[in-house]
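> take a look and give me a structure for this.
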Amino acid sequence: MKEENKGTSKNKWSRIFRKKWFFPAVYLTIAAVLLSVVVWYQNIDNQVPDAQEETDEFIPAEHGERAEPVLEQQETIQMPVTNPEEAEIVTKFYDYNAEQEEQEQALVLYNNKYYESDGVNIASASGESFDVVAALSGEVTEVKEDPLLGNVVVLAHEDDVTTYYASLEEVNVKPGSEVKQGDTLGIAGKSVFAKDSGTHVYFELRKDDNEVNPEAYFNQPVSSLSEVTEEKSEDVDAQKEAEQSENDEAEGEQGDEPSSEEAEDANEKSDKESDEADNPDATEEMDPELNS
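The predicted model follows:
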């Protein structure tokens, strides 16, 4: 029986092999499998670069490593004191566009004369001395003793910004020193020029060598000072246009007026006509033919 079953199965396979459609069907099946494998492999290759690009956009720092900032944070202009909450501005910056009351607070009385303040006087609420610190990071360009303003320290910063500290009792820095924002420059003191302010520091803020109101730029980024240059250029252009207009009007008025030679000729002619009118006989003597 077993031999008969084996013979029967062999006959079935041999009959299948003899069919015309058997081998083409096998070839198509193999081709379909290979094509599926190729398509699957290509999809994997296309997905791998995308994954790499995504990982390039953000790579978190490993534990213990410090991430570097993409853009350096810009400093903001700080009041040159260690504790701004305990400080007060006793003399303001003189602004021509300010109210009269604020302008009066920006005048300094010295030698029976009032002077406009180009900066601000800052004192402590208690009236005691305090540490004066750098409002911005920069380089110490000048340290001097002024007979009216006391000890003076000047710092240069980026973008043509300068800060000016005066009325210092002591100075802790030297010319050429690099300082960071908040570093101590000295101790506030008194000055002959602003003796009514008591113990204070006189602080100036300049952009392109133009004094600006420090109080308006405290806690503002340094880039905000670029507006000063733009406003200054606009004021200069407006002033030039006004001067040009005045010159044109003056030239127009001069053009309407007669020249000095024309004025002299007109005066001579007028005098001659007046003489002829007063002396008619003289005309007859000068032209004898008229008498005949």
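> when you work out contacts or count neighbours from here on, use the C-alpha atoms and nothing else.
OK.
> and Y114, how many neighbours does it have?
12 (other Cα atoms under 10 Å).
> next one: F22
Counted with other Cα under 10 Å, residues neighbouring F22 total 11.
> ok, Q42 next?
Using other Cα under 10 Å, Q42 has 10 other residues around it.
> wait, is it part of a helix?
Yes - according to DSSP: H, G, I helix; E, B strand; the rest coil, Q42 belongs to a helix.
> now it: how far from A216?
63 Å (Cα to Cα, to the nearest Å).
> same thing with Y115?
Y115 is 21 Å from A216, by Cα to Cα.
> which one's more surrounded, the two?
For Y115 versus A216, the count of surrounding residues by other Cα under 10 Å is larger for Y115: 13 against 9.
> hey, what's the more buried one bridged with?
Using DSSP bridges, the beta-bridge partners of Y115 come out as V108.
> ok, now which ones touch it?
When contacts are counted by Cα atoms under 8 Å, 6 or more residues apart in numbering, Y115 touches 107-109.
> buried subset of the residues you listed?
Among those, those buried by neighbour count (16 or more other Cα atoms under 10 Å) are 107-108.
> now distance to Y202 too, for the contacts of Y115, in JSON lines please.
Compiled in JSON lines, these are given as follows (distance: Cα to Cα, whole Å):
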{"residue": "L107", "distance to Y202": "13"}
{"residue": "V108", "distance to Y202": "12"}
{"residue": "L109", "distance to Y202": "15"}
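> okay if I get the contacts of Y115 as TSV plus pLDDT?
Conversion of the contacts of Y115 to TSV gives the following (pLDDT from 0 to 100):
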residue	pLDDT
L107	95
V108	95
L109	94
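> hmm, P175 is touching V152, no?
No - in this structure, P175 is not within contact of V152 by Cα atoms under 8 Å, at 11.4 Å.
> residues that sit against both of the two, list them.
The contact sets of P175 and V152 overlap at 142-143 (Cα under 8 Å, 6+ apart).
> the stretch 1-150 of the chain: helices as residue ranges?
Secondary structure of the stretch 1-150 of the chain (DSSP state H, counting those that start in this stretch): helices at 2-18, 22-57, 100-104.
> dump the last one to CSV, keeping only the CA atoms.
Which is helix 100-104. This file holds the C-alpha atoms of helix 100-104, laid out as CSV (Å, rounded to 0.1, in the frame of the first residue of the first chain):
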residue,chain,number,x,y,z
GLN,A,100,9.5,122.9,32.7
GLU,A,101,9.5,121.1,36.1
GLU,A,102,11.8,118.4,34.8
GLN,A,103,14.1,121.0,33.2
GLU,A,104,14.4,122.8,36.5
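> can you give me the mean pLDDT across whatever helix or strand T162 lives in?
Counting by DSSP states H and E, the element that carries T162 is strand 161-171. On average, the pLDDT along strand 161-171 is 97.
> same deal with stretch 181-199?
95.
> circling back: so which of P175 and V152 has more stuff around it?
Higher neighbour count among P175 and V152: V152, with 22 against 14, using other Cα under 10 Å.
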